[in-house]
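S.K.: need coordinates for the below:
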Amino acid sequence: MRASVIQIAVDEGESVESRRRRAASLVREQAGADLVVLPELWTTGAFAYEEFGREAEPLEGPTYEAMAKAASDAGVWLHAGSVPERDPEGPLYNTSLVFSPSGDLAAAYRKIHRFGFDKGEAVLMGAGAELVTVRLPRTTLGLSTCYDLRFPELFRALVDAGAETLVVSAGWPERRRSHWTLLARARAVENQSFVVACATAGTHAGVPQAGHSIVVDPWGEVLAEAGAGEEVLTVEFDPGKVAATREQFPALKDRMLGLQPPHRP
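M.R.: Here you go, the predicted structure:
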């Protein structure tokens, strides 16, 4: 299976429409890949809080249309990263879109864990409430976004729902890059799953981005890692390694918590 991770740069000097066209072009260049992944909030920048409301789109807005067409043109499964979604009956959401090779919407995931504590995304956007998995021909994706990476219970729930490849779309800051790599490898090891983690390059509202998108196998081995700048990271991996790892080292079968009510004498 071939995955292409598009670590696009988000800089203030480029318009959203220009970056949307450029991202679509980069997706089309990945024809032949099985899965293509874009990062979080690449239209606005994950830290450009003032842009969220101005650039928010309905679910089937301009980014949806551009990415659906790009997925169809390339014939790839496309995790199109996330956009600020404007729900006409509710708040904004940080919403990821996944398209099939025919350009149909396969899934939408509203980010559950919002970053910012008492500011930024945490107060400007609503929280998603549903786990989302997507069945591809050779693997099942479990969807997550950026800050979600710090919450292992989300990933364990995705594995319980059948996920074998955990996709993380992120706008992660450079000052916490060591956490990014550590947590991506930890989620792979503890869930015996592949992790495909796509981050942004560039600077969002004065916040330098980590880049260093990474693909990790179920043993925690790094299969590929990008640098700090804009880059397309392409890696081949065998989805069958998930089942083989879980059979060879069946740690998930020894879980004691979260599977049944506690015993009460």
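
S.K.: how about stretch 214-226: buried residues?
M.R.: Buried residues in stretch 214-226, counted by 16 or more other C-beta atoms under 10 Å: 214, 215, 216, 217, 218, 223, 224, 225, 226. All C-beta spots, glycine's among them, are computed from the backbone N, C-alpha and C.

S.K.: with stretch 84-100 instead?
M.R.: Here stretch 84-100 shows 84, 85, 86, 92, 93, 94, 95, 96, 97, 98, 99, 100 as buried, counting by 16+ other C-beta under 10 Å.

S.K.: how about residues contacting stretch 220-231?
M.R.: Applying C-beta atoms under 8 Å, 6 or more residues apart in numbering, the contact partners of stretch 220-231 are 5, 7-9, 174, 181, 185-186, 188-189, 199, 201-202, 210-217, 233-235, 237.

S.K.: show me what contacts residue 80?
M.R.: Residue 80 sits in contact with 27, 38, 63, 64, 67, 71, 96, 97, 98, 99, where contact means C-beta under 8 Å, 6+ apart.

S.K.: for the spatially closest residue to residue 148 that is not a sequence neighbour, what are phi and psi?
M.R.: Spatial nearest neighbour of residue 148, excluding adjacent residues (C-beta to C-beta, 6 or more residues apart in numbering): residue 113 at 4.9 Å. Residue 113 adopts backbone torsions of phi -100, psi 110, taken as degrees, to the nearest 10.

S.K.: ditto for residue 160
M.R.: Dihedral pair for residue 160: phi -60, psi -30, per degrees, to the nearest 10.

S.K.: if I look at the residue sitting nearest the centre point of the chain, how far off is residue 118?
M.R.: Centroid check for the chain by C-alpha atoms, centre = their mean gives residue 169 as the closest residue, at 2.3 Å. To residue 118, residue 169 is 24 Å away according to C-beta to C-beta, to the nearest Å.

S.K.: what do you get for residue 81?
M.R.: Separation of residue 81 from residue 118 (C-beta to C-beta): 26 Å.

S.K.: again with residue 135
M.R.: Noted for residue 135: a distance of 38 Å to residue 118, by C-beta to C-beta.

S.K.: over to residue 38?
M.R.: Noted for residue 38: a distance of 29 Å to residue 118, by C-beta to C-beta.

S.K.: pick out whichever of the two has more residues nearby.
M.R.: Neighbours were counted for residue 38 and for residue 118 using other C-beta atoms under 10 Å; residue 38 has more, 27 against 6.

S.K.: what is the burial count for the residue nearest to that one when sequence neighbours are not counted?
M.R.: Computed as C-beta to C-beta, 6+ apart, the closest residue to residue 38 that is not its neighbour in sequence is residue 81, at 3.4 Å. Residue 81 is flanked by 27 other residues according to other C-beta under 10 Å.
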